[in-house]
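*Asks:* when you get a sec, could you give me coordinates for this:
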Amino acid sequence: MFPKDSKGEVISVWVRDPKIQKEDFWHSYIDYEICIHTNSMCFTLKTSCVRRRFREFVWLRQRLKSNAVLVALPELPSKTPFFNASNVQHVDQRRQGLQEFLEKVLQNTVLLSDSRLHLFLQSQLSPEDIEACVSGQTKYSVAEAISKFASSNRRFPEEKEEKKINYCESSSSGLGHSSDSSIPHACATSMS
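*Replies:* Below you'll find the model as predicted:
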């Protein structure tokens with residue numbers, strides 16, 4: 001069973017499956033799959049997976065910092081000038097650092113209330129599109145953007161309301177997990 005907080009809510013996050021993506025003949029980058037399993041009322045989806053690259057994590061940290069100036073944000077793994085995408089150890093160290101960053105962010109109720117974080121974790125919108133959505137410059141809300149992504153990228157069976165908590169409590173997913181019993185119990189503000 002996954003560890004729970006006093007209200008029985010849990011947020012488990014995995015950063016895994018690094019893949020090299022080609023931008024063009026000369027340029028490539030690595031992106032990582034971010035999977036969330038939760039029964040927290042703060043999240044639109046209870047299970048989701050998206051792919052993000054390192055510079056999108058840098059953007060997210062900058063936005064979280066500007067919106068929560070009094071919150072001590074966790075650090076990202078350092079951006080080394082000699083990072084080698086074909087060096088398995090370099091890639092795995094970065095993956096572990098990104099996972100630790102997200103685990104710490106998801107334990108903070110102030111950060112957990114930021115709509116940018118939810119769009120980053122549960123949609124494939126670019127940082128520019130996330131900003132447009134959060135500032136009301138799109139025809140869709142935060143929840144609609146997340147739901148639209150989920151319906152176009154369904155990796156998990158559609159959940160029934162009564163099964164959501166049971167799914168999150170089961171450890172039969174086959175995934176390793178990282179969670180903490182100090183995960184926040186509630187959202188500080190609405191996500192729209």
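*Asks:* residue closest to the middle of the protein?
*Replies:* Closest to where the C-alpha atoms of the chain average out (C-alpha atoms, centre = their mean) is L121, at 3.1 Å.
*Asks:* please report how far it lies from V142.
*Replies:* Computed as C-beta to C-beta, to the nearest Å, the L121 to V142 distance reads 12 Å. (Glycine included, C-beta is placed from N, CA and C.)
*Asks:* next, the residue nearest to the centre of the chain: secondary structure please.
*Replies:* Recorded secondary structure, L121: helix (DSSP: H, G, I helix; E, B strand; the rest coil).
*Asks:* list the contacts of the closest residue to it other than its chain neighbours.
*Replies:* Nearest non-adjacent residue to L121, counting by C-beta to C-beta, 6 or more residues apart in numbering: I36, 5.6 Å away. Listed by C-beta atoms under 8 Å, 6 or more residues apart in numbering, the contact set of I36 reads I11, S12, V13, F43, L45, T47, S48, C49, L121, Q122.
*Asks:* redo that, cut-off 10 Å
*Replies:* Residues in contact with I36 (C-beta atoms under 10 Å, 6 or more residues apart in numbering) are 11-14, 43, 45-50, 102, 106, 118, 121-122.
*Asks:* quick check on it: phi, psi?
*Replies:* Backbone geometry at I36, expressed as degrees, to the nearest 10, gives phi -120, psi 130.
*Asks:* ok, now S28?
*Replies:* Main-chain torsions, S28, degrees, to the nearest 10: phi -140, psi 170.
*Asks:* same check on V10?
*Replies:* phi -140, psi 140.
*Asks:* give me the pLDDT for it.
*Replies:* Confidence at V10, expressed as pLDDT, is 93.
*Asks:* tell me the residue in this structure that is farthest from the middle.
*Replies:* Max distance from the centre of the chain (C-alpha atoms, centre = their mean): F25, 29.6 Å.
*Asks:* so which helix or strand takes in that residue?
*Replies:* Counting by DSSP states H and E, there is no helix or strand that carries F25.
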